[in-house]
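A.B. asks: the sequence isn't on hand, but the structure is:
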């Protein structure tokens with residue numbers, strides 16, 4: 001595995017920090033993944049997730065969506081505004097990532113998938129409904145209220161935690177939307193998990209105070225491992241079919 005910093009050129013001339021994580025043995029389908037961080041930004045945890053994808057044969061680009069011109073607090077506010085409205089520069093950042101993956105010469109990438117967590121899960125869903133990506137894996141992000149907001153989306157695999165009192169029913173909502181749209185999907189809601197069950201942040205708030213939050217944000221290994229199994233099976237099926 002190779003893990004190195006890269007810079008992604010953005011509209012307007014700014015460059016965005018990202019990690020480029022390359023597998024020892026790439027998948028045979030020419031598939032690469034954009035991994036979108038949660039609300040905490042680029043952390044050791046999203047890098048861990050990128051390495052897990054690379055360990056399974058996927059070249060991975062992990063962008064820092066908070067890397068924008070201006071002060072860090074303002075960058076965070078702009079990104080969160082785009083998250084809520086579904087409009088904004090964050091979607092241009094993601095499109096720059098897709099174009100970079102397809103243009104780089106170090107790995108063969110002809111198909112692109114998107115995976116996101118929490119804030120990144122909603123970004124992944126919205127971006128995949130408007131961009132030519134082959135598969136999307138959103139986890140416990142907010143789901144739009146109308147199926148039409150996801151019109152044009154590619155096959156979806158994702159997960160939510162039922163203990164999450166804010167977003168716990170959004171997996172059911174997404175499944176209903178995708179069924180209405182006639183889109184292939186594997187969306188599961190885990191009864192024993194809360195929000196952020198695939199993220200394993202090593203912080204006091206995350207590890208000790210999670211049970212007191214309405215989100216119940218806490219790593220839950222059984223649900224996380226089942227989700228990884230489902231993701232890799234779904235990715236293999238979709239990428240193999242589209243590469244044939």
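C.D. replies: In hand now; what should we look at? As the structure is a computational prediction, the values presented were derived from the model and not from experiment. Numbers count the residues shown, from 1 in each chain.
A.B. asks: low pLDDT regions in the chain?
C.D. replies: 70-86, 203-209, 244 (pLDDT under 70).
A.B. asks: which stretches of it form strands?
C.D. replies: 2-9, 15-22, 31-36, 60-63, 111-117, 135-139, 156-161, 185-190 (DSSP state E).
A.B. asks: can you tell me what sits against the fourth one?
C.D. replies: If I follow you right, that is strand 60-63. Residues from elsewhere that reach strand 60-63 (C-beta atoms under 8 Å, 6 or more residues apart in numbering): 6, 8, 16-22, 32-37, 42, 46-47, 49-51, 53-54, 93-94, 97, 100-101. Quick note: C-beta positions are derived from backbone N, CA and C, even for glycine.
A.B. asks: strand partners (parallel or antiparallel) of it?
C.D. replies: strand 15-22 (antiparallel), strand 31-36 (parallel) (DSSP bridges).
A.B. asks: now do it: distance to the chain's middle.
C.D. replies: Offset of strand 60-63 from its chain centre (C-alpha atoms, centre = their mean, to the nearest Å): 10 Å.
A.B. asks: can you list the buried residues in it?
C.D. replies: For strand 60-63, the neighbour count (16 or more other C-beta atoms under 10 Å) marks 60, 61, 62, 63 as buried.
A.B. asks: make TSV out of these and add distance to residue 137.
C.D. replies: What follows is the buried residues of strand 60-63, written out as TSV (distance: C-beta to C-beta, whole Å):
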residue	distance to residue 137
60	12
61	14
62	14
63	16
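A.B. asks: mind naming the longest helix for the protein?
C.D. replies: Looking across the chain with DSSP state H, the single longest helix is helix 221-243.
A.B. asks: no further questions, thank you.
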